[in-house]
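# Give me a 3D structure for the following:
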Amino acid sequence: VRSIAFSPDSQLFLTSDSDGNVQAWNVLTGELINDFGQKDTHASSLANSSTLLAIGLRDKIMIMDASGDGAASEVESLGENTLMALSTDGIWLASSDSSGKISIWKNQDGKFTSPVSFTNKEQAVSLSFNPLGTLLAVGTASNVYLLDPTTGKEIARIPHIDIVNGVSFSADGKILATGS
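Numbering: from 1, shown residues only. The predicted structure is shown next:
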């Protein structure tokens, strides 16, 4: 399993594997609901918020909402979207690709705007927005960068002794946890 995410309504649990296959599981029963298999474009990553589910594909990100009607929109994002994060409220979407480029979009009236894109000083290994959506934490091989999502500018840098495989903010946003 490469990525995991709950659907916006928490009824489904989605997984993607290293081959890009996506599967949807019923949370209550554990039953496999849908195995998207090889017929769909390979998923590289998954991200969720309280209202949205994002699926990272080659050259695009598919966004599905919580309405349950199956409607999806697409965001153009060239390259392999290997890492993604959505803010809790679904306003901000961040993705990173294998070239080191990070893109951040803002959801305005149901549409994601043109992204702020930049190449970080180090390859991103993990991403997480704080609960207010005012910071994006980027874990790398030797640092955690705190970025302003509106500009992509570095606000702070926290040195780390190893690869930062995970970054996560507490629900109140007062604590940033890192995992190596």
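# Could you report the separation of S98 from S45?
Counting by Cβ to Cβ, to the nearest Å, the separation of S98 from S45 is 11 Å. C-beta coordinates here come from the backbone N, C-alpha and C atoms, glycine included.
# Counting neighbours, go ahead and name the busier of the two.
S45 (23 against 13; other Cβ atoms under 10 Å).
# residues contacting the more buried one?
R2, S3, S16, I55, G56, N81, T82, L83, M84, S95 (Cβ atoms under 8 Å, 6 or more residues apart in numbering).
# quick one on the thing from earlier: shared neighbours of S98 and S45, which are they?
Common contact partners of S98 and S45 (Cβ under 8 Å, 6+ apart): T82.
# picking that back up, ok, so of the contacts of S45, who is nearest F118?
Taking Cβ to Cβ as the measure, F118 lies nearest S95 of those, at 12.2 Å.
# The closest one reaches M84, doesn't it?
Yes: S95 is within contact range of M84, at 4.7 Å (criterion: Cβ atoms under 8 Å).
# quick one: low-confidence ranges for this structure?
Low-confidence segments of the chain (pLDDT under 70): 8, 36-41, 66-71.
# swap the cut-off to 50 and go again
For the chain, applying pLDDT under 50 flags the ranges 38.
# Which parts of it are helices?
Read by DSSP state H, the chain holds no helices at all.
# Turn the contacts of S45 into CSV, including distance to S10 and neighbour count.
Formatted as CSV, those follow (distance: Cβ to Cβ, whole Å; neighbours: other Cβ atoms under 10 Å):
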residue, distance to S10, neighbour count
R2, 21, 15
S3, 17, 20
S16, 18, 22
I55, 17, 27
G56, 21, 27
N81, 23, 25
T82, 25, 18
L83, 23, 23
M84, 19, 23
S95, 23, 29
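# out of the residues you listed, which are inside strands?
In this view, the contacts of S45 that belong to strands under DSSP state E are S3, S16, I55, G56, N81, T82, L83, M84, S95.
# Identify, from those, the entry nearest to D172.
M84 (23.5 Å).
# ok so, going back, where do the contact lists of S95 and M84 overlap?
S45, G56, I61.
# show me the contacts for the closest residue to the first one other than its chain neighbours.
In this case it means S45. Using Cβ to Cβ, 6 or more residues apart in numbering and skipping residues adjacent in sequence, the residue nearest S45 is G56, 3.8 Å away. By Cβ under 8 Å, 6+ apart, G56 lies in contact with A43, S44, S45, L46, A47, S77, E80, N81, T82, L83, M84, S95.
# I appreciate the help and will end here.
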